[in-house]
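In: Predicted model and sequence below, questions to follow.
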Amino acid sequence: MSRRLPDVQSMRQLRRARDRSDRDCAPPLDTATLAGAAGHAPEHFIRAFRAADGQTPRHHRTRRRVERAREPLRSVNLTVTEGCDLVGFASLGTFSARFREIVEIVGLSPTGYRREAALRGGPAPIPGGFALMGRTGRPAKPSVSEKPDR
């Protein structure tokens, strides 16, 4: 049984959905939303995505989230829980299990990965508060119209 690859237009739509999945890493994003971005029904989208990419949209999204978590674990002074939250995993247990499956160092937990990265050397870790600042933003400045009382 041979599988037919998606046509060029379908490939563009799948690429658009994949790019959205990569760009919106942390917030929850379900398959139906990605399928809508590609102009497909969810079931057809999963089959077409697997045919084009070799993995399901869910597996691709999980892999990208774990890949994004590796950098902060390596270079930012965050706890594993903060790193897990930063890339959008709701469960530390799920994050740790997926991390062990996906990272090229087979079976290494996120904590073990941080330890190995520290032993290999590199730049000093960035303080966690600075790393999280981009996510939460700086405190709002008072508006110009607000004048102090005299």
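Out: On my side now, so go ahead.
In: I'd like the average pLDDT over stretch 108-120.
Out: Averaging pLDDT along stretch 108-120 gives 86.
In: List the contacts of that stretch.
Out: By CB atoms under 8 Å, 6 or more residues apart in numbering, the surrounding residues in contact with stretch 108-120 are 69-70, 73-75, 80, 83-84, 95-96, 99-100, 103, 105. For glycine as for every other residue, the C-beta is placed from the backbone atoms N, C-alpha and C.
In: Give me the buried positions along that stretch.
Out: Using 16 or more other CB atoms under 10 Å as the test for burial, stretch 108-120 gives 110, 113-114, 117.
In: ok, now stretch 38-51?
Out: Within stretch 38-51, the residues that qualify as buried are 38, 40, 42, 45-46, 48-49, counting by 16+ other CB under 10 Å.
In: ok so, going back, can you name the two of the contacts of stretch 108-120 that sit furthest apart?
Out: The span of these, defined through CB to CB, is set by Ser75 and Arg100 at 20.5 Å.
In: what's near enough to touch His40?
Out: Neighbour list for His40: 10, 13, 48 [criterion: CB under 8 Å, 6+ apart].
In: can you give me phi and psi for Leu108?
Out: phi -90, psi 130 (degrees, to the nearest 10).
In: Could you check which helix or strand contains the residue lying closest to Asp53 once chain neighbours are set aside?
Out: Take Asp53 and drop its neighbours on the chain: the residue closest to it by CB to CB, 6 or more residues apart in numbering is His60, 6.2 Å away. Element membership for His60, per DSSP states H and E: helix 57-75.
In: which strands and helices sit next to that helix?
Out: Of the remaining helices and strands, those touching helix 57-75 by 3 or more CB pairs under 8 Å, 6 or more residues apart in numbering; DSSP states H and E are helix 8-23, helix 31-38, helix 42-53, helix 80-86, helix 92-102, helix 110-120.
In: what's the closest of these to Arg64?
Out: Nearest of these (CB to CB): helix 8-23, 5.5 Å.
In: Mind listing what's buried along the closest one?
Out: By neighbour count on 16+ other CB under 10 Å, the buried set for helix 8-23 is 10, 13-14, 17-18, 21.
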